[in-house]
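Undergrad: My questions are about this predicted structure, shown below with the sequence.
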Amino acid sequence: MSPPNPLIVHPEDGARAELANLRKVIDDLDERLLAVLAERLRVVRRIGDVKRRIGLGALQPARLREILETRVERGRSLDLSTCFVHEIFDRIHREAVLEQLALLTNHEETTREP
């Protein structure tokens, strides 16, 4: 059996290169998503601080409903499935509540008199 001829282009070579390029696009998009999520959590912590100062709890059910309704509607306009968008933003909101609970709990523990 003779070695492969480097001058012969196989159709799958182009497809493999395209796949590698598309995977790089996904990697770049994932990096951007992570950066946006990190920025969002920084804002969530600031909101938690404001809630603490005005005496609000971490979970605001009306706000959760608003977030889910508006994001699902926007997702539909971008041809994303309702379930997909709902699950993503429900999970993002749960993480936000956990972050704010931690902030509120830590503040209460550090401000209690011995």
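TA: It's in. Numbers count the residues shown, from 1 in each chain.
Undergrad: Give me the pLDDT for L98.
TA: Listed pLDDT for L98 reads 96.
Undergrad: now swap in P3 and tell me
TA: P3 is given a pLDDT of 73.
Undergrad: On the secondary structure side, give me the element for it.
TA: In the assignment (DSSP states H and E), P3 maps to no helix and no strand.
Undergrad: Quick check, central residue of this structure?
TA: The C-alpha lying nearest the average C-alpha coordinate of the chain belongs to L37 (CA atoms, centre = their mean; 4.6 Å).
Undergrad: shouldn't that one be in contact with I92?
TA: Yes - counting by CB atoms under 8 Å, L37 does reach I92; the two are 7.4 Å apart. In short, each C-beta sits where N, CA and C put it, glycine included.
Undergrad: now the strands: where do they sit in the chain?
TA: Remark: no strands are assigned in the chain by DSSP state E.
Undergrad: show me where pLDDT drops low in the chain?
TA: Scanning the chain with the threshold set as pLDDT under 70 gives 1-2, 4-9, 107-114.
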